[in-house]
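Asker: return atomic coordinates for the entry below.
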Amino acid sequence: MAAPILSFENLGLSQGSHWLFRHIDIHVGQRDRLALIGRNGAGKTTLLKLIGGQIEADEGIRSVQPGARVVTLEQDPDVSAFKTLHDFALAGAFAPPAHEVEAIADQLGIDLSREAATASGGERRRAAIARALASEPDLLLLDEPTNHLDIAAIDWLESWLARYTGAFIVISHDRAFLTRLTRQTLWLDRGQMR
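Answerer: Numbers count the residues shown, from 1 in each chain. Have a look, this model is predicted:
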């Protein structure tokens, strides 16, 4: 059995005087397709940020396979620091190749030369998708990926994820999307994972 791409053992995060999560173990295999569900306010996005290493846990050990790329598609990407969506999509130390970003953006029907300050939610989302998918992730963390997308873009994303050879964890309220793409469900309920 292959080692997991990512594991988090005994994960705990406190919020004020109480624990948001405690004693959670997560192991993500190389081709896992996981749905992360729970009520609004249960902490799904926070848990995804912990898994992605964007925030620190108060307890637990996070292990990532050496050389593995963990890429997060945030629910509401912040493009405010960039002049254009193209600048946003190619920013950072681990920026994906420009030709890959541009090819995906073209398939999604987004003009990356659009000014970031005036971009709609759907345009920001498409630019973020192009950036994330072009980054060649081993583990893709998707927070409400279908928000602000039309049917054609959702179909394209589903098709891409169906062919994708890495692992992903997805938060979505789109049950049909989850049913078609995921194989296992992680249910976050009152600080516990079921």
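Asker: any idea which element the closest residue to residue 116 other than its chain neighbours lies in?
Answerer: Nearest residue to residue 116, sequence neighbours excluded (Cβ to Cβ, 6 or more residues apart in numbering): residue 79, at 4.1 Å. Where you see a C-beta, it was placed from the backbone N, CA and C, and this is true even at glycine. In the assignment (DSSP states H and E), residue 79 maps to no helix and no strand.
Asker: can you report how many residues lie near residue 79?
Answerer: Neighbour count for residue 79, taken as other Cβ atoms under 10 Å: 22.
Asker: wait, it touches residue 85, no?
Answerer: Yes. The criterion here is Cβ atoms under 8 Å, and residue 79 meets it with residue 85 at 6.5 Å.
Asker: would you pull up how far the worst-scoring helix or strand of the chain on mean pLDDT lies from the middle of the chain?
Answerer: Least confident helix or strand of the chain, by mean pLDDT, DSSP states H and E, is strand 192-193 with a mean of 86. Chain-centre distance of strand 192-193: 20 Å, with Cα atoms, centre = their mean, to the nearest Å.
Asker: adjacent strands (with direction) for it?
Answerer: strand 184-189 (antiparallel) (DSSP bridges).
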